[in-house]
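Enquirer: Compute the structure for the input listed below.
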Amino acid sequence: MIIGIEGVSCTGKTTLAGSLAERLGWEVMDCYFHVAPDPSSLGRPIATSEAEQLASLAAHFPVEAQRHRQALRAAARDGGVILDRTINTLLAHVRAVGRLQDLNATVTARAMVAQQIAAGAATVPDLTLLLIGDAAVLADRATLRPDLPAIYYVPAFARHFNAHFEDPIGRCVRLDATAAPGAVVDAALAAISLVQTTHARRR
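Expert: From the prediction side, this is the model:
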């Protein structure tokens with residue numbers, strides 16, 4: 001089983017992934033930035049043209065292919081794996097930056113991702129857990145992360161980013177990122193259990 005953890009910065013993705021990994025005995029696959037041999041090759045946070053957005057997306061594909069292979073091995077070994085960000089992040093970012101910069105590469109970006117999936121070079125999670133947080137709470141948390149690009153803290157960015165998950169790649173469940181940590185973990189485990197039960201019945 002492959003679980004994706006999604007959400008804008010400071011929603012608690014890494015914390016949730018770690019808690020789930022401890023409870024389930026599964027490995028966590030690091031996000032693109034930490035897996036890429038040269039993170040600067042992935043492109044700038046704020047693109048100024050559709051061509052730049054699509055070039056940045058394409059630069060993520062070799063890293064996605066590597067993560068895909070690792071995820072399949074880990075899931076086969078442990079019964080499951082947790083991805084810190086997925087291909088949905090790439091599409092949500094294209095959408096959010098596009099809306100803020102008056103660009104429109106969303107349709108082409110989705111087609112490019114679909115090609116990677118068809119080629120067996122990208123992961124479609126069995127379940128994506130999307131962490132949604134109140135803008136004021138996230139802004140407060142952001143003060144602890146001054147290293148991140150300021151655009152990630154703009155409420156409009158979060159709104160457009162999250163809008164992608166109205167039609168995500170794969171199944172998605174929204175979780176309240178501002179709830180108590182234990183409650184977030186319990187809600188995530190309940191969602192995972194439901195999918196596991198559904199898979200078991202299909203077999």
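
Enquirer: And for Gly79, the neighbour number?
Expert: 12 (other Cβ atoms under 10 Å). (C-beta placed from N, C-alpha, C; glycine too.)

Enquirer: check contacts around the closest residue to it other than its chain neighbours.
Expert: Once flanking residues are discounted, Gly79 sits nearest to Met1: 6.7 Å by Cβ to Cβ, 6 or more residues apart in numbering. The contact partners of Met1, by Cβ atoms under 8 Å, 6 or more residues apart in numbering, come to Ala75, Gly79, Gly80, Val81, Asp126, Leu127, Ile192, Val195, Gln196, His199.

Enquirer: A helix includes the last one, no?
Expert: Yes: the assignment for His199 by DSSP: H, G, I helix; E, B strand; the rest coil puts it in a helix.

Enquirer: By neighbour count, which of the contacts of Met1 wins?
Expert: Neighbour counts for these (other Cβ under 10 Å) peak at Val81, which has 26 neighbours.

Enquirer: That residue reaches Arg69, doesn't it?
Expert: No: under the criterion of Cβ atoms under 8 Å, Val81 is not in contact with Arg69, lying 11.5 Å apart.

Enquirer: rewinding a little: can you add distance to Leu138 and give the contacts of Met1 back as CSV?
Expert: Shown next, in CSV, are those (distance: Cβ to Cβ, whole Å):
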residue, distance to Leu138
Ala75, 31
Gly79, 33
Gly80, 28
Val81, 27
Asp126, 27
Leu127, 23
Ile192, 24
Val195, 27
Gln196, 30
His199, 33
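
Enquirer: List just the nearest of those residues to Val28.
Expert: Set against Val28, the nearest of the contacts of Met1 by Cβ to Cβ is Val81 (7.7 Å).

Enquirer: Report the contact partners of the closest one.
Expert: Met1, Ile2, Ile3, Trp26, Glu27, Val28, Met29, Ala71, Ala74, Ala75.

Enquirer: what's near enough to touch the residue nearest the centre of the chain?
Expert: What sits nearest the mean C-alpha location of the chain, by Cα atoms, centre = their mean, is Arg85, with 2.7 Å. Residues in contact with Arg85 (Cβ under 8 Å, 6+ apart) are Gly4, Ile5, Glu6, Lys13, Cys31, Tyr32.
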